[in-house]
Each structure stands twice: as structure tokens, then as C-alpha cells.
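1. Give me the fold of what follows.
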Amino acid sequence: MKTLFKTLLSLVLSGCMVSSAWGQRGKTTDEKILTVIKQTTAFMLDELSYKGGFVWEYLPDLSRQWGEMEAYRTMAWTQSDGTPKMGEFFLDLYHATGDEYYYQAAEKVASALIWGQHPSGGWNYCYDFAGEASLRQWYNTIGKNGWRLEEFHHYYGNATYDDDVTVSAAHFIQRLYSERNDPKYRYSVDKTVQFLLESQYPIGGWPQRYPLMYEYSKNGLPDYTSYITFNDDVHKGNVNMLILYYRVLGDKSLIDPILRGMNCVIALQQGMPQPGWGEQYSLDYKPNHARSYEPRSLHSRETYNQCDNLMDYYRITGETKFLARIPEAINWIESLMMSDEDIEKYAGSRATPNVVVCPRFIEIGTDRGLYTDKIGSNVVNGSYVKTYEPHGDLAFLNTNRLRARYNDLIAMPVELATANSPFLSSEEYKFPDNVAMRRNNVKPTVKEVDDLIAKLVNGKYWLVPIETSNPYIGDGGMTVLPVAEKTQRTVGDKYDTSPYKPDPDIMGITTKSYMENVSRLVMFLQQK
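-> A predicted model of the protein is given here:
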């Protein structure tokens, strides 16, 4: 298929444009699809991005744009569908087409990411090409007024592992370096390896942010960003990134920090009768709080995730200590099951008979579910209060799947269980061709592709519903103002800058829809 792509590229590059009529299925259609991919990518890179950096969503006139929060035009976002994911996607397109244009696009994104890399080697959620003063201004205005987004209330000036931020950027830079061993990317790679090693605690865990800061307490609670963090796959992502570096760089000194990271999960599992995990741990190795609505507690979903991680670690090492206490944890999750009456009242219905519906936050010592209610209308007058009354903070956990996986591993010869262990394999690691490509098993039809192209605006982009937020108009006051009922779960009064889903829809351009739509076009060509 790549040969077909390369044959058609000369036609695409010679200037053939998308027409409204399709004609017969064949080369003409392929040429048009390749042209659409090129034109939409050029728009994203040359007109939408800022110096190769992306946020998530944009108004068509670029008057406003959003990452997790509203961003300045000069900012780039590293979370979710932001800058690293777009770089990975351009590399995917390079592999799908063989067109050097997409490799150069990935390089432009890499340059933007390296510009935003913290001197310590990690990345923050966002950075600003206009400089430090502009970024501080953003934190002191838009950032600190996002009521439910407390991670943006204070500018630390360091880097974070939260939301896959540092790992996603590091993965893309390493992947690009591995393409051609271009030395201009090696310094960034080495800085991030050192960042992972320096920030790891002796027990094997990592803080949420690094270099360590303790300066921002909220509601009388200590700054939580130095706590050992499992939340949002921080720990799992860091262990996996070290394994990737070990496989790609061949550095055997990374084995010890990898094993310490794995063993940390065992060490922080709580004893009976609550053999679960919390989302973060203070440095006395006890579960502790994070944001105002994340109380000191154990966490049912985190416990479920750590059982999966331990089974992964068994398959890497073959050491049965990683399996030893999984049954305890599964039994404990199942003991948290809400009554049928409460499920019907607070969850609507049980997803399937095999799913345990339970609270996410579990009170230490009692197994009671913990919930938080919002009071007030903005950051200044608002707060969260603890309650035992169930509402939206529920987890839906398929413990049957966990138990079946555990039983399969117990019955499997260890040689088979560890057959693909990176510690035992001598095969050279190769990145998959599709890292960010949105793939499924259903090939689009000619009509679906036709409709997709027909929805293009000016042959450049697609419009989809986006989130919005209240523009920053100043800090709120102590007076509690009315909050719109339809948005009250996500946003407060007019001073709250947290994003929300508007009604009626606001249409905009998103990195996510670009990647999804172009993925469909690539799939159509590859599955002929």
C-alpha cells in the first residue's frame, strides 16, 4: 500500500485539488484523499499551531482557544490531544505515506516541545512562547479562577507527571530520535532520562511534580504535589517509560529503577481488611489527600488498575510476589458493591451483571464511600464539603475480568508468561507504526468518505462542537452568585473560567477531530 501512496504523491504534490465530484473509485479517488490529508495537515501546522505547538480546540477565527482551560494564542498544551499527540500523529502519517512532508511536520512539533522542555528535563501542562511573564500572567488570571481545576491555581515553575504530560512528550521525542538517530534530539532524551531518575523516591515512586515544591497549601492542607502519585497512571507511565528507554537505549543501569518502581506497588498496598491502594501517598507512605475534592482515602478504581499493573509486572519478571495479594484486592473491591436500590437511585442501572458498582473514594477504616459537594459559586467563595451521600463519584469495575486474568497467569507456565518480557528478549525494539492514529476494524465506505470530505470548510478543516468557558473578567468575590442549572456540575458563576459544554453548541476546530477524520481516510486507503 505504501508503494501506491508513493506513486500517487507526485500527482498530489503537483497541485491537484479536491473537487466536489468524486467520479469512479480508483486512482482519482486516492489522489483526492491524499490531497485532503495534505491540505488539512498543512492547515493544522501552518495556520492553527503556534510555532508547531498545539492546544486542543479553537474558534475558526482563532480569537479564542482551549487546552484543558482557555489558552493564550501563544501557548502550547502538552496534555491529551495537544502537542505531543499531534507530533506522534504526523509520524504515523509519515509511516503510512512515506511522504517526507509529514516527517518534517513532526520535526516542527518536536522543536516546539523541546523549546518548552523544563531545564530539569520534564514538561509542564502548558508553556508560552511569549515567555515566562506571559505564562505567569495566565496563571494569575485564567488559571487561578478555574474553580474545579486546582492544578492550575498556582504557578510552580517546575514540571509534572500528571495526565501523562512528561511521558507523552518524552515518548514522542524518543520515537523521533529513533527514526534516524538524529543527534539533535539526543540531548532532550538524555535530559528526560535523568529527570525520571532524579525524581524517583528511594521506595520507587514518583511525586506529581518535580523539582519538589511545598509552597502551595489550600484549605489548610499541605501541598500535595510532592506526594507519591498513582493517580492518572503517573506511576505506570513512568515505569513503562523507563522500560522503553531500557529497550531502545540498551542502558542496563535502568533495570534497578524499573524494579524499584514495580516493587513500590507491592509496598504501598494496604494491609487487611482494606488491601487496596490510594491515589497518592504522603512521604510516611500513607494514603493522603490531593485536590479539595480528592480526600484522604483508598480508591476503588486505583486498586483495580494496580491489580492489572501487578500482573503486567509478573509477566515482565516472572516473580510471583507480584501476584501474591491480588485475590485480596479483588475480594475487597467486590465487598464495596452498592445495593441494588442505591445503584438504581444513583447510577441508573448496572452496566452488566459482571460489573461492580461502588464508590471511587473509600474511607480508611470504615469502607464507607466518600463524596464531595460543591458550595458557593467561584474560587473565592466556593469550597467542597465531605458527605457520605452517594452521587456521581462512582466506579464501574469488571472484577470478573481481573479474576480471569489472574487465574490464567497462575495456570500458565512461567516461561510462557514471560515470553515477551523486555528483560528476556534480545529483539531490537521497534515503535509501532500507529501510535496516535485512531484505528478500528470497520473500514469506511465510499459514501462515508465522500460525506467526510464534503464537510470540509474551505478544504482545510472540520467544524465540530467544542467546549467554551467564561472569559476572564477579574477575580470573583465573596458574594455567591446564581449558577446556571444546566452547567452547575462543571462551572460556577461568571467569574469561573472552568470549561463547560455549552447549549446550544459552539462550533470549532479540534486536534481530536482532525486526527480522527484523517485516520478514517488513511484506513480507507490501506484497506482497499
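2. Isn't Leu310 up against Ile326?
-> Yes - the pair Leu310 and Ile326 qualifies as a contact (Cβ atoms under 8 Å) at a distance of 6.0 Å. C-beta: built from backbone N, CA, C; applies to glycine.
3. Tell me which stretches of the stretch 251-400 of the chain form strands.
-> 280-281, 298-299, 355-359, 361-362, 369-375, 383-387, 394-398 (DSSP state E, counting those that start in this stretch).
4. And for the stretch 401-528 of the chain?
-> Using DSSP E, counting those that start in this stretch, strands in the stretch 401-528 of the chain cover 464-466, 506-510.
5. Including mean pLDDT, could these go into TSV?
-> Conversion of the strands of the stretch 401-528 of the chain to TSV gives the following (pLDDT from 0 to 100):
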stretch	mean pLDDT
strand 464-466	98
strand 506-510	98
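6. Surely Glu198 is in a helix?
-> Yes - secondary structure assignment places Glu198 in a helix (DSSP: H, G, I helix; E, B strand; the rest coil).
7. neighbours around it, how many?
-> Taking other Cβ atoms under 10 Å as the neighbour definition, Glu198 ends up with a count of 12.
8. Give the closest residue to Glu319 in space, chain neighbours not counted.
-> Using Cβ to Cβ, 6 or more residues apart in numbering and skipping residues adjacent in sequence, the residue nearest Glu319 is Tyr313, 7.8 Å away.
9. how far away is the one you found from Gly261?
-> Tyr313 sits at a distance of 9 Å from Gly261 (criterion: Cβ to Cβ, to the nearest Å).
10. between these two, which one's more packed in?
-> Gly261 (26 against 23).
11. ok, so what distance separates the more buried one from Phe172?
-> If you measure Gly261 against Phe172 using Cβ to Cβ, the figure is 21 Å.
12. same deal with Thr83?
-> To Phe172, Thr83 is 8 Å away according to Cβ to Cβ.
13. the more surrounded of the two?
-> The residue with the greater number of neighbours, taking Thr83 and Phe172 and applying other Cβ under 10 Å, is Thr83; the counts read 30 against 26.
14. so where do the strands sit in the stretch 51-200 of the chain?
-> 57-58, 65-66, 70-71, 75-77, 126-128, 159-160.
15. Using a markdown table, please lay out the ones you listed together with mean neighbour count, mean pLDDT and distance to Tyr227.
-> Rendered in a markdown table, the data for those read as follows (neighbours: other Cβ atoms under 10 Å; pLDDT from 0 to 100; distance: least, Cβ to Cβ, whole Å):
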| stretch | mean neighbour count | mean pLDDT | distance to Tyr227 |
| --- | --- | --- | --- |
| strand 57-58 | 24 | 98 | 31 |
| strand 65-66 | 21 | 98 | 28 |
| strand 70-71 | 25 | 98 | 27 |
| strand 75-77 | 26 | 98 | 24 |
| strand 126-128 | 24 | 98 | 22 |
| strand 159-160 | 25 | 98 | 13 |
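16. would you turn these into CSV with distance to Met515?
-> CSV is the format used below for the strands of the stretch 51-200 of the chain (distance: least, Cβ to Cβ, whole Å):
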stretch, distance to Met515
strand 57-58, 13
strand 65-66, 17
strand 70-71, 19
strand 75-77, 15
strand 126-128, 19
strand 159-160, 23
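17. Out of those strands, the one nearest Thr166 is which?
-> Nearest to Thr166, of all those, is strand 159-160, at 5.9 Å by Cβ to Cβ.
18. Can you list the strands that the closest one pairs with?
-> Using DSSP bridges, the neighbouring strands of strand 159-160 in the sheet come out as strand 209-210 (antiparallel).
19. Can you spell out which helices and strands pack onto the helix or strand just after the partner strand?
-> Towards the C-terminus, the helix or strand next in line after strand 209-210, according to DSSP states H and E, is strand 228-229. For strand 228-229, the elements it packs on are strand 280-281, judged by 3 or more Cβ pairs under 8 Å, 6 or more residues apart in numbering; DSSP states H and E.
20. and the strand it packs on, what's its mean pLDDT?
-> Averaging pLDDT along strand 280-281 gives 98.
21. where in the stretch 51-200 of the chain is pLDDT low?
-> Low-confidence segments of the stretch 51-200 of the chain (pLDDT under 70): none present.
22. how about the helices in it?
-> Ranges of helices within the stretch 51-200 of the chain are 83-97, 100-116, 132-139, 165-180, 186-199, based on DSSP state H, counting those that start in this stretch.
23. Could you list the residues in contact with the third one?
-> Where contact means Cβ atoms under 8 Å, 6 or more residues apart in numbering, the residues beyond helix 132-139 that reach it are Ala71, Tyr72, Thr74, Met75, Cys126, Tyr127, Asp128, Phe152, His153, His154, Tyr155.
24. May I have it as PDB, with CA atoms only?
-> The C-alpha trace of helix 132-139 is given here as PDB (Å, rounded to 0.1, in the frame of the first residue of the first chain):
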ATOM      1  CA  GLU A 132       7.700  33.500  31.500                       C
ATOM      2  CA  ALA A 133       6.000  36.800  32.300                       C
ATOM      3  CA  SER A 134       3.100  35.900  29.900                       C
ATOM      4  CA  LEU A 135       2.700  32.400  31.500                       C
ATOM      5  CA  ARG A 136       2.700  33.800  35.000                       C
ATOM      6  CA  GLN A 137       0.000  36.300  33.900                       C
ATOM      7  CA  TRP A 138      -2.100  33.400  32.600                       C
ATOM      8  CA  TYR A 139      -1.800  31.600  35.900                       C
END
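25. Noted, bye for now.
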